[in-house]
Each structure stands twice: as structure tokens, then as C-alpha cells.
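Peer 1: Give me a model of this one.
(3 chains)
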Amino acid sequence: MTTAGIARRPKYVALFSMGLSDALAYRTSAAISWVINGWSVLIVVYVWYSLFAQDGAPVAQFDWQAMKTYLILAHAVNWFMQSDVSWIVADAVQNGNIVTDLTRPADYMLSKFSQAIGGSLVNGTIGTVILFGSSIIFLHLQAPASPAAAGLFILACVLGYGVNFLISYLMGLSTCWLTNNQGLSWVLWYAGRILAGTVIPISLFPGWLQTVAWASPFQATVSTPLLIYLGHDQQGGALGLIGVQVAWIIGLGAFSRWLYARAMRRLEIQGG
Amino acid sequence: MTRLLFHLRLFRRMLYMHNRANVTYRGDFWLKILGLALRNVVGIVIVFALFSRVTVLAGWTRPEVMMLYALAIAPRGVLQLFCNGAWQLRNYIRRGQLDQFLTRPLSPVFQTLTLTMSIEGLGTLVVALLAFGSGYAEQGLGWGPAQWLYLLVAIAGGTLLAVSLDVGMHALVFWSRDAGQLQWFVEQTAEFAQYPLGLYHRTIQVALSTALPFAFVSFYPLAMLLGKPDGSVTLALLSPLVGVLFAFLMSRIWNAGLARYQSTGN
Amino acid sequence: MRCCISQAQIEARALTKTFRVPKRGSGVTGAIQHLFAPVYEDKRALDQVTFDIASGEAVACVGPNGAGKSTTVKLMVGITMPTSGSVRIEGLDPHKERITNSRKIGVVFGQRSQLWWDLPVAESLRLLGDIYEIPPDRYDQTLKTCTELLELGPLLGQASRSLSLGQRMRCDIAASLLHSPRILFLDEPTIGLDVAVKARIRQFISAMNRERGVTVVLTSHDLQDIETICQRIILMDKGAIVFDGSLLAVKRQFDRSRVVTFRLREMVPDAAARVQIALSEVAPPPVITVTGYDTVVTFDPSHSSSAAVVAKVMAELPVEDLKIEEPGIESIIRQLYDGTLKLGVAEPVT
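Peer 2: So this is what the prediction gives:
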């Protein structure tokens, strides 16, 4: 496909730009998705607003301003992290197209990752523009706790994205063992939404659920960046929270490698 | 009348068949039910978090909000369980299945709706039942037959509204392939009805009582049954009719869309 | 043949179908422009198509992609309505009286199954039985016949998703015949199937047509399908009927060249020149080539008969053997697909 005169790109860069241009083709519908997703966040924002209007005292170190910022940003970060990698991998396994992917001289997971970040970059940029614009006009979100918090927030978002990618990737791979992984992905998706702190901050959970949440990888996706942004990172500090994210990436990454090897062996036995 | 019986008989047959197909993947079947149950538990987690702090929200107590929440999600559960086909209309068109529907002696909308019945809708209904039951028991309510009858009619009306909007909004794919987003918007809006209307800005309250009348699914009926001052008996009694009205309006959209499909082809 | 009341089972009169397709500029500007002032262009998929199909006929609708075959089928089964003109199935408008019409027809779309994906085939068939309100005894009887002829026995208990393409097509054909339709429409029924399955399906459809009198309307790119099943062929190109008649008549009308090879007993050095003189009265002038013992004459049979040409050449040369080649239906259709078929040059020889 390479024509003379066009510089050859490194393979993962090529896959990245493919994801990028795919997403660019759907930029309008991506922008509309942000708005519709924001519309449903309005429900919880109203609910908490009326609670704080009734009783101005902060709830577990969240005052109204911080709570509003948390709810909106948490949904945004969650939305930014979504990728269809779970579905893509599951589909490739089920209809056997994974064989084509495996004939290519590229690492499967890295290929999927390159493609996913291409799409997320477009999606994230659109979201940031919309959020920033609406914050200036009417949302009036709270600014990051400090310039350092702002920088670490972005870093934590990137790491959280990695954790979320690995969870989705693993879910896709699970199709090698489960003929249908739809049920499992639904359970993980909705349980993950709660445990990630997307719906409400984890510190507002009942004690036992907090323990479960802190032990799960989901909190490393949404909750961590948000706590850093708001400066609610007393326990362990921002760097400690980021360390936990890195640990999850290493752990889940190693697990993915291992599961992938097992999955390939299984596909070989089945005769592909 | 015979046509109605014919459709009912077919419907029962399809229900039986879908259930057979659904249990083919047994493990997945239970996980799906659990998944949809969890989806609705998300909202209940919020309710509990809120009421750990205050006792009344916009004039409603926790058990009352639990009942409200249950009424708001129930129609979606019935829809998932019995007629979950509309969301795939775009695929039916692309794969030519709609053409096949049109060669059979049966209404295409009936075939579209019943092509998928998702048993996991039980997950939604179970959560709704538990939330409603716990709210009812906690308040020590003692409704008479009239109240229960009204409640059933209200739920039927709410379901009719949900199904109608589902069909009508998905039928927009006859005009544009991106119409799914409008449907998504409507579905998200339905979630506003999970909490008391008084929480929201006036504009949203009006919208929920007119153009996207989800307040008639949960809020107005329950406000009357519980005798809440922010309800309205007139609007509560009108609730079932809203479903009928929307069934009429949305069937117009569907018919126009199908006529367009049949005259322009694809 | 036709008297006062039309006997045709299917009647198409001046059928015209125009599609409106949006004409969109490229990029964002184009998208925005389309939003405010959409520009459409009309595409004529079908133009003044008229034909009759009598009960019991087997008709093949043939033409390259975009010729209008599928549109014609969609109009006949009532899926779409014509822009102008009319189509009647046993006197009924198939679109306006879709439900009544649907009981009379069976439709098979190749590559699209009408069976429910996750269900055993038997369940799907039973549900179709309910939808078409087929009396139980007739249902059992039809199913039995189909099961025997299409060898469905071992397939009935399996879910549709686990069947091979050929197995599924056999079940699909049974599904479309359950309600004993009087007309069977088949859109590319053998596409993607292997040779053995294709043969069995052809045989079955042909039997249905000949023994039960089911009218068959078939679109296919597979010439074997056409030659086995159909007596009549409708050739379509660019939304219009190019030819409508028997398979034999197609050959007659489009047979624009006949190739006769004469093998000589001995080498004749001036063979070409002698043949040319012998055939000087034949118009348009034949093409003559000589290679070794073979002299090949290519001429237009609509102007001079083969017999005359052969007689003249044999009178001139010491012919030992001869071979007359006529183009098969296949080459005619290939020419149609390539766009090289010469249309309407001569009146059909009848």
C-alpha cells in the first residue's frame, strides 16, 4: 500500500492514526454524545444541589462546589475512557477474524491500544472543549487544587485510561472461554461504574463498599484523577495514588500477557 | 377482535421461543440478569447516599423516593422483557430483515418489536419490585383495591409510553442513520422521573410533563397515591391517557417512516 | 392467447421506480450545505417495465448489477411501491394489499435467512406456520414433503446459527413454501453454495414448478440455475427490459455471429480468396481466416442461413468435415454484462 514518496510510519503510529481518522469521521456524533451524556449528569447534579440547598454543611469534605465539580468531571473522565476494545476483541474471537490479526507482525494488545488511543484523543479533545466552554458559561467548575494537582490530574487520567483499557481488553479475551461474554461485560460495566466512583465519591459509600472499592482496579480509573484534582488526596498523597495506578497497570498488564498466551493456545487447539 | 387474539397467540409463542433461546447460554443468562439489576442498583446507591444525610428531599422521604424510583424503571423492564426489538431496526434495514417482515402476513411493527425479547429485563423488574416493596412496607401503607387497580393502569400507561417512544424514536432511522442519538437522549430523559419533580428547574418540570412526559409514568401517579401536596389529582388521572396519546403520535412517525422506506427504497 | 379478462397471474404495466439520492458535497462545507439546502438527484432504477407472467411459468430475471432485477422483485412482493405504473398479483396491488398478497407468495432472499438465529429450525418453521395461520394437517403434510425432498430431517433439531450456508438455504426454501404459495420468488437462491447443494436446490425448485404448478420468478447470476429451472428469460439492463422470451428465442435474437469451421481434405493455397468469391453475395461480408487445413468463416446468421453458406463453400472446396458453433446463452449474457451486446439491430426472427 505504501506509495513511493510517502514516508513509512512505524506500525503503531500507523494504527494510532487509523484510530484517529476513524474517530474524526464521527466527530459530530461524538460531540453530540458528550452533550447527551452531560444531560443525564444533570439529574444527579440537581439532586445534590437540592440537598446542599437544604443543608449547607459539607458531606465528607465535599461542599456543594466540590461535589458539583466531582460529579461532572467524574462523568467526563469516565466517558473519555470508554473504548470499544472489549467488543472488538470479543467479536474478533467469536467470528474468527482474530486469525487475520495474528498473521500481522505486530503485538496484538499494543495494536489494539494504539488504535484505541487514536480514537480517545479525538473524543477527549472534543469533550475537553465542550466542558471548558460550558464551565466558563454556566457550570462554573472548581479549578484544580494547585498547578501541581492540575499536572498530576492529567497524568492520573492517562494512567487511569491504561487501567481501564486493560480491564476492557481482558474482558474481550474472556470470550475465548465464555461463548457469550455479554453478561459478564454488563456486570463488570455497571459494578465498575459504582466502584470507580463515577456515580458518587467512594468516601460516601458505606464502610464495607469502600473497602471493596479501594481493593478493586476500578477506583484507579475515575476516582484517583478526581481526588487529585480536588486535592482530596490526604491518604498517601497524590504520588501514592499514582503509584497504585502504576501497580495496577503492571499487574493487569502481566495478567493480560499470560491470559493472551493461554487464549492463543486454546485457539490453536480449537483449530482456529 | 380475532386479529387481536391472533397477535396474542403469536406473542405467547414468541415469548416461549425466545425464552428457550435465551437459556441456551445458561451462565450468560444469569449474568445478564445480574448486570441489568446492577444497572438499576446504581440509582439506589445514590438514593441511600443522599438520605444518609437528610430525611426529606424536595418534600419526599427515602421510602417514597424508593417507590418513585421503582415506578420509573418498571416500564423499561417490561419493554426489555417483552418487546426489545426496536433498537435493532437499523440493523434490520441494513441486513434486509425488514424486507422479509414485509413479505409476511403480519404487521411489521409487531415483528420488529418481538424479534428480541431479553429475559434480562427481569433484572430490572426484580429491582423495581424490591424497591417498591421495601418503600411500601417501610411506610406501613395499606392500599385498597382501587389504589392497586389504579397503580396497575398507571404502570400499563407508563409502559405504553415507553414502548411507543422506543418505536417512534428508533423509527427515525428511516430518515437518518444517526437518529439513534435522539433515542438515547429520550431514554436518558426518562431517568429524570426517578426523583421527585420538585428537584428540577421549572423548565425541566414543564418538559417532563409535556413533550417528554415521563413525570406521568412515576411522579404524578405516586404523588396522588401518597397524597403528596406537590402532585395533582387531575394530572394523575390523565396519566394512562398520556400513554395512549403517545402511542398514537409515535405510530404516526412509524407509519410515515415505513412509507418513506417503501417509497424510496434503501 | 389472452382474451377479454387478463389471465396473467402477474401483470406489470409501465413500472417505473425513481430513487431520490442526496447529492452531497465533500467535507464540512458539503455537510452543512446539505443540512440547509439539500440537493437531490433522481436515479431511475426502473423505466417503463411491462410484462405478464402466467400461472405455472418459470421466469428468470437476468441482468448485471443495477439492472433493476431486485427492484422489480421488491415491487412484485409488495415491499416497495412504484413511482408510476402498476403491478398486480392475481389482480391485487401487492403493496396496498400487502397482507393478502403475502399469503399467496413465498419469498427467498439468498444470503438472508428468515429463520430465527438461536432457535431450532423446527421451532422457526412452526412459528411461521402460526404467522401464516396454516391449518395443522396441511402444515404437517407440506413439512413432510419438504423434509423428504430437501433432506431436512437431521437439520430440524439444530439451531439455525449452527447450520452451514447450504443447509440453511434448504431450510429457508422449505420455510417459504410452508403456506403453499402460488408464486415463489427467489432472489439469488444459490449464491455462495457448493455445486452439489446448488444442483439439489435447482432440482427441487424445478419439481415444484413442474409438478405442483408453482409459478417461479428467479433472479440469478448463475446460468445453470436459469437453464435448469426456467423456460422463459427476461433480460434487463439499466432499468429496462432488453428482451423477454423463451431461452430459444434469446439465442435467435442475439445470435449475431455464426462460426463455421471447414476441415479440408488437402491443402488449398488460395482457399481464402476462393471462399471470398463464393460468398460475395453474403452481406455483411463474412470474415474468413485460414490456418492449415482449417478454413473458418464467421457470418451473421440473421441475413444468410447456415445452410446456404455451407452449401456455397462445399461447392468450392474439398471439405472433409465441418463444425458449426452457435453462441450459448452464456456468451449472450456475458456480452450483456460487459455492455457489448448489440441491441435492437435486427427484428427478432420469428
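
Peer 1: Do you have the helices of the chain handy? List them.
Peer 2: By default, I'm working from chain A. When secondary structure is read from DSSP state H, chain A shows helices at A:11-25, A:27-54, A:64-81, A:85-95, A:98-102, A:108-134, A:147-173, A:182-195, A:207-215, A:223-230, A:237-270.

Peer 1: Let me rephrase: I mean chain C.
Peer 2: For chain C, helices defined by DSSP H occupy the ranges C:27-36, C:69-77, C:98-104, C:121-131, C:136-150, C:165-177, C:195-212, C:223-229, C:247-254, C:271-278, C:306-316, C:329-338.

Peer 1: C-alpha coordinates for the fourth one, PDB please?
Peer 2: The C-alpha atoms that make up helix C:121-131 are tabulated as PDB, following Å, rounded to 0.1, in the frame of the first residue of the first chain:
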ATOM      1  CA  VAL C 121     -35.200 -24.900  12.700                       C
ATOM      2  CA  ALA C 122     -38.300 -26.800  13.600                       C
ATOM      3  CA  GLU C 123     -39.300 -24.000  16.000                       C
ATOM      4  CA  SER C 124     -38.800 -21.300  13.400                       C
ATOM      5  CA  LEU C 125     -40.900 -23.300  10.900                       C
ATOM      6  CA  ARG C 126     -43.600 -23.800  13.500                       C
ATOM      7  CA  LEU C 127     -43.700 -20.100  14.200                       C
ATOM      8  CA  LEU C 128     -44.000 -19.300  10.500                       C
ATOM      9  CA  GLY C 129     -46.900 -21.800  10.500                       C
ATOM     10  CA  ASP C 130     -48.600 -19.700  13.200                       C
ATOM     11  CA  ILE C 131     -47.900 -16.500  11.400                       C
END
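
Peer 1: Show me how far that helix is from its chain's centre.
Peer 2: Mean-position distance between helix C:121-131 and its chain equals 30 Å (Cα atoms, centre = their mean, to the nearest Å).

Peer 1: quick one: contacts of that helix?
Peer 2: Residues external to helix C:121-131 that are found in contact with it (Cβ atoms under 8 Å, 6 or more residues apart in numbering or on different chains): B:9-10, B:13-14, B:17, B:20, B:104-106, C:114-116, C:136, C:139, C:143, C:152, C:155-160, C:163, C:171, C:174-175, C:178-179. (C-beta placed from N, C-alpha, C; glycine too.)

Peer 1: Out of these, which end up buried?
Peer 2: Those of these that meet the buried threshold are B:10, B:13-14, B:17, B:104, B:106, C:114-116, C:139, C:143, C:152, C:155-156, C:158-160, C:163, C:171, C:174-175, C:178-179, by 16 or more other Cβ atoms under 10 Å in any protein chain shown.

Peer 1: filter these down to the ones close to chain A.
Peer 2: Filtering those for proximity to chain A by Cβ under 8 Å from any Cβ of the partner chain leaves nothing.

Peer 1: now, which of those residues lie within strands?
Peer 2: Counting by DSSP state E, these place none of their members in strands.

Peer 1: how near is A:G96 to chain C?
Peer 2: Taking Cβ to the nearest Cβ, to the nearest Å as the criterion, A:G96 is separated from chain C by 14 Å.

Peer 1: nope, A:P10 is what I meant
Peer 2: When Cβ to the nearest Cβ is applied, the distance between A:P10 and chain C equals 29 Å.

Peer 1: Then A:Q182?
Peer 2: Spatial separation of A:Q182 from chain C under the definition Cβ to the nearest Cβ is 13 Å.

Peer 1: what about that residue, distance to A:I249?
Peer 2: Spatial separation of A:Q182 from A:I249 under the definition Cβ to Cβ, to the nearest Å is 26 Å.

Peer 1: Could you do B:S218 as well?
Peer 2: B:S218 sits 43 Å away from A:I249, going by Cβ to Cβ.

Peer 1: Between those two, point out the one with more neighbours.
Peer 2: With other Cβ atoms under 10 Å in any protein chain shown as the criterion, B:S218 and A:I249 differ in neighbour count, and B:S218 comes out ahead with 30 against 18.

Peer 1: pLDDT below threshold where in the stretch 1-150 of chain A?
Peer 2: Low-confidence segments of the stretch 1-150 of chain A, defined by pLDDT under 70: A:1-7.

Peer 1: which residue does it bring closest to chain C?
Peer 2: Sorted by distance to chain C under Cβ to the nearest Cβ, the residues of the stretch 1-150 of chain A start with A:T28, at 7.8 Å.

Peer 1: since we're on that residue, how many residues are nearby?
Peer 2: A:T28 sits with 13 neighbouring residues when counted by other Cβ under 10 Å.

Peer 1: Equivalent analysis for the one 4 residues further on, please.
Peer 2: By the other Cβ under 10 Å criterion, the neighbourhood of A:I32 contains 17 residues.

Peer 1: Pretty sure it sits against B:Q181.
Peer 2: Yes - counting by Cβ atoms under 8 Å, A:I32 does reach B:Q181; the two are 5.3 Å apart.

Peer 1: So which bits of the stretch 101-250 of chain C are right by chain B?
Peer 2: With Cβ under 8 Å from any Cβ as the criterion, the stretch 101-250 of chain C comes near chain B at residues C:102-103, C:105, C:107, C:109, C:112, C:114, C:116, C:118-119, C:123, C:126-128, C:130-133, C:159.

Peer 1: which residues touch stretch C:193-203?
Peer 2: Contacts of stretch C:193-203 with the rest of the structure, by Cβ under 8 Å, 6+ apart, involve C:150-151, C:165-166, C:169-170, C:173, C:189-190, C:222, C:224-225, C:228-229.

Peer 1: can you tell if the lowest-mean-pLDDT helix or strand in chain B touches chain C?
Peer 2: For chain B, scoring each helix and strand by mean pLDDT, DSSP states H and E identifies helix B:2-22 as the least confident one, at a mean of 81. Yes - if you take Cβ under 8 Å from any Cβ as the test, helix B:2-22 does meet chain C, through B:F6, B:R9, B:L10, B:R13, B:M14, B:M17, B:R20, B:A21.
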